[in-house]
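*Asks:* My questions are about this predicted structure, shown below with the sequence.
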Amino acid sequence: MTASSAALGSRRTVVTTALAFVRRNGWTVALVGLLVAFLAITKLLQPNYGPAGIQGLAISILPIGFAAVAQAIVVIAGGIDLSVGSIMALASVTSAVLMLNNDDLFGVGVVIFVLLLGLAVGAINGALVVVTKVPDIVVTLAMSFVWAGAALLILNTPGGGAAPWLMAIISGPLGSPWLPKALIVLAVIVAVVWIPLRRSTFGLAMYAIGSSPLAALRSGVPMARSKIVAYALTGFFSALGGLALTATGGVGAPVPGSYTLQSVAAIVLGGVSLAGGRGGVVGPIIAVIILALVRTDLFFAGVDPNWSTAVQGAILIGVVTFGSLVAMRKVRA
Amino acid sequence: GSSGSAGGAGGAGGATKYTIGFSNAGGVGNGWREAMLCSAKAQAVKSGNVSKVTIIHRDTDAPGQLSDIRTLIAQNVNAIIINPSGPDALNPAIAEATAAGITVIAVDASVTAPGAYNLSNDQEQYAYLGASWLFKAMGGKGAVVYMRGIAGHPADTDRDKGFQRALAENKGITIANTAVTKWDPVTATRQINDIMSAGTKFDGIWTSGVDSNIVDALKGANHAYVPIVGADNAGFVTQLLNEPGLKGAAVTNPASIGGAGVTLALQVLSGKKPASNTVHVTPELWSNEDDAGKAKLKAAADATLPPTWPLGLTIQDWTTYSKPELIACKGPGDA
Amino acid sequence: MTRPAGASTAGTAGVPRSPSATGRNWRQVIRDQPLIPLIALLAVLVVVLEFASPGIVNANWLGTTLRSAIPLAILAACQTLAMLTGGIDLSVGAVASMAAYLIGTLSPSQGPLVAIVIAVAACAIAGLVNGVGIGVFKVHPLIMTLGMSLVVLGLMSVYQLAMVQQGVHIVDALRFVGSGISFGFLPNSLIVFVPIAVIIVVGLRRTGYGRLLFAIGDNPIAARLAGARVWQVHVALYMLSGILAAIAGMLLSGLNNTATVSLVEQQVLPSVAAAVIGGTSIMGGRGGYAGTIVGALILTVVTTLLNVLEMPEAVKQILFGVIIVVVAAAYTRVSGDS
Amino acid sequence: MTVVAPELLLNATDVAKHYGAVVALRSASLAVRPGEVHALMGANGAGKSTLVKILTGGVRPDRGTILVRDRPFVARSPAEARRGGVVSVYQEPALIPDLDVRSNLRLTQSPIEATRHWLAELGLPELSLADLVRDLPLASLRIIDLARALAIEPDVLLLDEMTAALPANLTERVLEVVGRQRGTERSVIFISHRMIEIAAVCDRATVLREGETVGVVDVTAGSENRIVALMLGDIASDLPARVAAVAASANRPADVRPRLSARNLSVGTKLSDVSFDLFPGEVLGVVALEGQGQDELFDVLSGSERPSSGEVQVDGAAASFRHPADAIRAGLVYVPADRAEALLMQRSVRENIALPFSTRFGAWGPIDLRSEGQKVDAAIKTLQIDTRAASEVRRLSGGNQQKVTIARWVAGGIRTMLCFDPTRGIDIGTKQQIYALLRDLAAAGTAVLLYTSELKEIQLACDRAIVIFRGRIVAEIPVADADEPTLLRAAYDLKPDAVMPEELAAETMSAEAAGAEAAVADAAVGAVASQAGSGGTQ
Ligand SMILES: Nc1ncnc2c1ncn2[C@@H]1O[C@H](COP(=O)(O)OP(=O)(O)OP(=O)(O)O)[C@@H](O)[C@H]1O
Ligand SMILES: Nc1ncnc2c1ncn2[C@@H]1O[C@H](COP(=O)(O)OP(=O)(O)OP(=O)(O)O)[C@@H](O)[C@H]1O
Ligand SMILES: [Mg+2]
Ligand SMILES: [Mg+2]
């Protein structure tokens, strides 16, 4: 390389770094653009759309947001967890049963307990995958029945209660009316867990086992342990999703919603490769918000609600097809 | 459908026109829920007082429905009718709605928010009424097959309470088998066949929602008919009228509760508030044993409707549309 | 030009019997004939069922069991074929329901034959779109078929509202085939199922297309380099899956005398489970339909057992999950190369 | 030579390992002294890789003792072995495709600066650590793998067929670096199927046959014969005859039309203006360093990629391939180097061989099992495939797997065969069979295009060779002149007897050492040349 002034050099590195960032995170950057576009459309369709709408949006995406993060982690690590929804139900009923008629301090204990439960349940999933060597999708499909059954054992109808502070923590705005607490909670929890994780050796290990198990083994990655920890983290975030269900609903919900498949759809839209090793958690969270906005916009546009189910399916197919076309172009270029 | 658009256009300059939002949280493709929505639309047209019914309808749970209600608030509707996903979960959004001066009506199941009105089918009474009739029809003794809905669903829980109450009052009755049908005809058919295969003796069947399939299964297996209680679904009512030797009763679980909700909303909006915040639509029981019941069955029967569609198409005093208007399923202003 | 025979074996290590030779033989047998342990498991379950409810196992029971297992086995055929290529078809529930509902609503006006043709064509089109997405645009099958099931369910819900006046009529022939039982133990649906089963079992082994399904599941690059146009195989596969789903939907609507837009939804995960229990690898390249049929029977018998034992729903679900894990784990132990 | 310390650095005795009924290692012993480069030799399936995996914790042995510096050494994972000072570069790269190079180094806690140093030494000074591994060519990955291993200064470094996928220039650098380990406190265990490399850098060789150590040989001039004899057992005596048979190659009548012609083929910037003719009955060799456009050439001819300009002609008529199926229909069949690209690992030998029969849409129907069986059996016989483990191809040895990839096309009858490095990583005996097969096919009128990374093979199997450099054909060499020095110089695009141009040297060597290295490189070429010469006179 030829000599150049230090200033020019550093500016160039800033630009190249930015370009490299965009290149590597192209999908996420595009998603942010899409999100802004949808927000604009929403405002156009419904000039009244404001803090209340944002508030409602934030609360409604909280459980699925956690579910998407949960799914993203395990998929990055080369697995898939079809029991995310069931673990959410289990966490939801457990927290609701334990919190009912108990004081705040106890409630804090319950939250910790439920998160540990999520870790444990996830670790069991992971251990089964590792020990039985059965494909992840089969193990977790089977375990989805087990955890859903366990949730029903604990509570066979919606019941229990949520600690008031838990409900307060996610409702209402913080500071500006445009900043819903639910979104802050999601962002803070995910950031606190994910950022250090992503930078740690374990984070690398997770990407490694998802990207190439053989190479990971030979790079000295403790395979079984990493996989189990990845599943445990998925359980942890699923439990957060379950707590979010309790907190938003005020009761424990024993019948898992369609969160599992939604989470898979969200992470794929969010740029996580189902083959493992690629993607992050920011994309999936944005994808979750976009999916929620699409529904709102369809509603504001006066589309028959039955159509909107079809439209959502079509969007899912369309976006993923687009993504794979882009990938194919890249390979050719 | 032309009456809808005519009503919408004709009344433009006349009486006050309200907009109504409807939030439904479950069962895309579920016949009962679709009928509920159609009845709300039809009643809105019929009232002549509604300019628009906007429906948010999807498979979701409390968080999603909270967001839906807030979306409706953002639309500045005058009233919101909710088929709630849970009793307490929606309270924050309902409070926002009432604070914004919006009338909130919960139909089918109730909510606990103080400002909201509840207009619901009494599910506990629904089960109690049917089970009591059944146990009497069985002669106060014998074994009953108890076919529930979805484990963990609020309506199923309420119905279980009613069923258990009737059971407690009839000491001679035992449960031959409890099956959880998930309100899925395929699952329910499997279960009744398994029960018959196992040689389980039973003298009556109480089934939640899935009914005509059970009769079909008995018939298919050449099993003697036993007294059976189901809901006012088109297929089952036809069977009650036409199947020789079938003794049974249909308990109404009217989907027209949606239309009733519109009526209640308009009453509240026009200042005629009901005495209590909770209005129960009491279920009726139509048995094919007595003439009164038979007459009701005959009046309701409609072989052209899909077998799973509920026949409680109208509720006296609450809905005023005609059946074709309901089936047209057009709201005010819809083409 | 001839070479000494030694040349070819020089590259391979000798293969003397190891101490655990008998253990390995036992495994080898199970590995080559996975049907044997599956059928044994089925037999054990039947015995347990008989113990749990003495007298239940009789001709009548056989008839109703087969009758319920057949639609499940056909749906599981969709999963088996898709899984052989490393795919999955989550849209079978929506597609099969669509077939049932279209026939139910169209037959009064169009006549049963036209209604069936329209329904099967609609299902084939849904499958075609799946196949194009997966084969041409390389969309992951899980996502493609999940999206398709939403599209189909949404469209059918819209259609349902338009068709309420028509009512639903279950064609008599479907009732006869779907729910009838002849000679006390032979469900009429065997008329449909036996040819399907034979075609699939034999076809997988003895047709070029069957070979290609395995080949693509094992190594799509190799299949392509050998001249296979992989997308064609996918398109044909998912169209076939759509048609099979249509058949299953028809049988189920006949069996239940009902047609709704979500009739078959609850059978999707069991159909995947049946294929897994039957020994088809979800990773592709390994499996077969005979095992799937036994898998469907096993699930049916397990369900009956749980129904008869009146297990609480929670326990049922737990046991259902545990059985899948245990059977799949046993498979992997025996056939894997740990 | 080196002063050999009396005590052993690594001493493995009586190591055994079986997989089910297959005995991978019966009783292997390996004694490595400090400061030596020790060759581990053996035919395909002899157990070399298994022994490597056992020594580095990838596989648990059934039996045997392993001592490192006289202390028992137990490694339960590659990471644990690494901590114990035993590190391997495996046959396949151990880098994570979705991470950049730096993260890969971080993952293995490899010192970055030392790795950079070794990358430079090994000929990749410009490599950016921010590059995603998946974007790098295979050869670079092997080098990164090696640099990473060298950087942690292991006591024992195991290189399992390190050079198999490397172009000649990088191979030289690796041999040179490995050679430098001699006389230090550390040792290298070196596995390669290329005798020349063994002769160039190794002090001693341990030979495995069928899972057993059958001899330890001091590597000196002429010891190759002894090693080969030990490796192969009985069939060794058969080798020279076959080499001779190859030498008597075909004479083409003057009026014969080319089977396949490339006319001004270009693919982006990778391949420019390539034209050549391939005649029936000839084996045309393609020689190129890594990444000179040969991959693109084969991709175009096999229908995997479309040329950006130019034309392919088959039997004189223009042909356009959109898919491998088109090429196959035009009679062009392709044998990729990577067996994982060609084989259905879980399916039987029969299904693998019969695969092309059923790929056409018209052939989706019922299979005629009788005629299929006959064709498959004939192909198995022609290629002498060992079918004891025929129910799943993954259970075959690498060499037999490679034969299956060829048998597939033999079964259907071949007009034109495109072979991309078909002998990569397989043993001498099998290689000989493949050369003979290519000659047999050519004798029967087949046209064969053969790319090989082993220059020696040109003279063993080809009639003439074309050399590609930076996407262009820079030389066409008749077989008689195609000795290794000539080919190597042509591959670098050097005029005969010219000195390496400066820029080229800079590209392959670290800048500061360039002057010194040039001499070494020349010496290596010389060694290679003399080696080839002695091979020819056997
Ligand atoms: N998974 C397996 N199960 C049973 N036998 C196997 C398995 N893998 C390999 N074998 C047996 O090992 C022998 C050689 O296989 P191997 O993979 O070691 O080849 P290789 O010697 O490494 O070949 P190459 O050098 O060409 O890579 C074969 O005879 C085969 O039967
Ligand atoms: N995973 C496995 N399962 C079963 N057998 C195996 C396995 N790996 C290796 N083998 C057997 O071990 C023997 C030795 O294999 P190994 O890979 O060590 O040979 P190698 O000497 O490295 O051959 P190559 O020169 O081809 O690399 C082979 O015969 C093979 O059958
Ligand atoms: Mg090896
Ligand atoms: Mg090998």
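*Replies:* The structure has been received and is ready for your questions. Numbers count the residues shown, from 1 in each chain, chains lettered A, B, ... in the order given. Ligands and ions are numbered 1, 2, ... in the order given.
*Asks:* Next up, the contacts around the closest residue to ligand 2 within the stretch 201-333 of chain A.
*Replies:* Distances between the stretch 201-333 of chain A and ligand 2 by Cβ to the nearest ligand atom are smallest at A:L214, namely 12.1 Å. Any C-beta I mention is one placed from the backbone N, CA and C, and that applies to glycine too. Contacts for A:L214 (Cβ atoms under 8 Å, 6 or more residues apart in numbering or on different chains) come out as D:92, D:94.
*Asks:* list the buried ones in stretch A:268-276?
*Replies:* A:268-274, A:276 (16 or more other Cβ atoms under 10 Å in any protein chain shown).
*Asks:* Give me the distance between the two termini of that stretch.
*Replies:* With Cα to Cα, to the nearest Å as the measure, stretch A:268-276 spans 11 Å from end to end.
*Asks:* starting at the chain centroid, how far to it?
*Replies:* 12 Å (Cα atoms, centre = their mean, to the nearest Å).
*Asks:* coming back round to it: host element of the residue of the stretch 201-333 of chain A closest to ligand 2?
*Replies:* Per DSSP states H and E: A:L214 is located in helix A:213-218.
*Asks:* do D:P258 as well
*Replies:* Judged by DSSP H and E, D:P258 forms part of no helix or strand.
*Asks:* Could you report the neighbour count for the closest residue in space to B:T16 that isn't next to it in sequence?
*Replies:* Distance criterion Cβ to Cβ, 6 or more residues apart in numbering or on different chains; nearest residue to B:T16, sequence neighbours excluded, is B:N49 at 6.8 Å. Using other Cβ atoms under 10 Å in any protein chain shown, the number of residues around B:N49 comes to 21.
*Asks:* pretty sure B:N49 contacts B:T19?
*Replies:* No - look at B:N49 against B:T19 with Cβ atoms under 8 Å: they stay out of range, at 10.7 Å.
*Asks:* can you tell me the average pLDDT over the helix holding A:L214?
*Replies:* Helix A:213-218 carries an average pLDDT of 88.
*Asks:* Can the next helix or strand after it be said to contact chain C?
*Replies:* Next helix or strand after helix A:213-218 toward the C-terminus (DSSP H and E): helix A:223-249. No - Helix A:223-249 lies out of reach of chain C by Cβ under 8 Å from any Cβ of the partner chain, never closer than 13.2 Å.
*Asks:* Helices of chain A, residue ranges please.
*Replies:* Per DSSP state H, chain A carries helices over the ranges A:6-24, A:26-45, A:51-76, A:84-99, A:104-132, A:136-154, A:164-170, A:181-199, A:201-211, A:213-218, A:223-249, A:259-269, A:282-300, A:305-332.
*Asks:* Going by mean pLDDT, which of these comes out lowest?
*Replies:* helix A:6-24 (a mean of 65).
*Asks:* What about residue 147, how many residues nearby?
*Replies:* Just going to use chain A. 28.
*Asks:* Sorry, I should have been clearer: chain B.
*Replies:* 26.
*Asks:* swap in the one 5 residues further on?
*Replies:* For B:G152, the number of neighbouring residues by other Cβ under 10 Å comes to 25.
*Asks:* does it belong to a helix or a strand, and which?
*Replies:* For B:G152, there is no host helix or strand (DSSP H and E).
*Asks:* Need the nearest residue in space to it, chain neighbours excluded.
*Replies:* Nearest to B:G152 is A:P254, by Cβ to Cβ, 6+ apart, at 4.1 Å.
*Asks:* Give the full set of residues in contact with that neighbour.
*Replies:* A:P254 makes contact with A:89, A:92-93, A:151-152, A:154-158, B:151-152, according to Cβ under 8 Å, 6+ apart.
*Asks:* Next, find the distance separating whichever residue of the stretch 151-300 of chain C sits closest to chain A from chain B.
*Replies:* Residue of the stretch 151-300 of chain C nearest chain A, by Cβ to the nearest Cβ: C:G154 (2.8 Å). Note on C:G154: its distance to chain B, by Cβ to the nearest Cβ, to the nearest Å, is 7 Å.
*Asks:* dump the residue contacts of that residue.
*Replies:* Here C:G154 is in contact with A:306-313, B:28 (Cβ under 8 Å, 6+ apart).
*Asks:* Scan these and report the most crowded one.
*Replies:* When neighbours are taken as other Cβ under 10 Å, the top entry among the contacts of C:G154 is A:T309 (27 neighbours).
*Asks:* so that residue sits right up against C:Q160, yeah?
*Replies:* No - using Cβ under 8 Å, A:T309 is not in contact with C:Q160, being 11.9 Å away.
*Asks:* re the thing from before, could I get the buried residues of stretch A:268-276 in TSV, plus columns for distance to chain C?
*Replies:* Formatted as TSV, those follow (distance: Cβ to the nearest Cβ, whole Å):
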residue	distance to chain C
A:V268	5
A:L269	9
A:G270	12
A:G271	13
A:V272	11
A:S273	9
A:L274	5
A:G276	12
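*Asks:* quick one: what helix or strand has the residue of chain B found nearest chain D in it?
*Replies:* Closest residue of chain B to chain D, Cβ to the nearest Cβ: B:P63 (33.5 Å). Assessed by DSSP H and E, B:P63 sits inside helix B:62-74.
*Asks:* elements contacting that helix?
*Replies:* When contacts are defined as 3 or more Cβ pairs under 8 Å, 6 or more residues apart in numbering or on different chains; DSSP states H and E, helix B:62-74 sits against helix A:51-76, helix A:223-249, helix A:282-300, strand B:18-24, strand B:50-57, strand B:79-83, helix B:91-99.
*Asks:* let's see it at 6 Å
*Replies:* helix A:51-76, helix A:223-249, strand B:18-24, helix B:91-99 (3 or more Cβ pairs under 6 Å, 6 or more residues apart in numbering or on different chains; DSSP states H and E).
*Asks:* wait, does stretch D:209-229 contact chain C?
*Replies:* Yes - interface with chain C: stretch D:209-229 contributes D:210-211 (Cβ under 6 Å from any Cβ of the partner chain).
*Asks:* Say whether ligand 3 is contacted by that stretch.
*Replies:* No - contact of stretch D:209-229 with ligand 3 (Cβ under 5 Å from the ion) is absent, the minimum separation being 12.5 Å.
*Asks:* which SS state does D:P154 fall under?
*Replies:* coil (DSSP: H, G, I helix; E, B strand; the rest coil).
*Asks:* Could you double-check that D:I458 lies in contact with D:V286?
*Replies:* No - at 9.2 Å, D:I458 does not count as touching D:V286 under the criterion of Cβ atoms under 6 Å.
*Asks:* Which part of the stretch 51-200 of chain A gets nearest to ligand 1, residue-wise?
*Replies:* Distances between the stretch 51-200 of chain A and ligand 1 by Cβ to the nearest ligand atom are smallest at A:K133, namely 14.4 Å.
*Asks:* With that, I have no additional questions.
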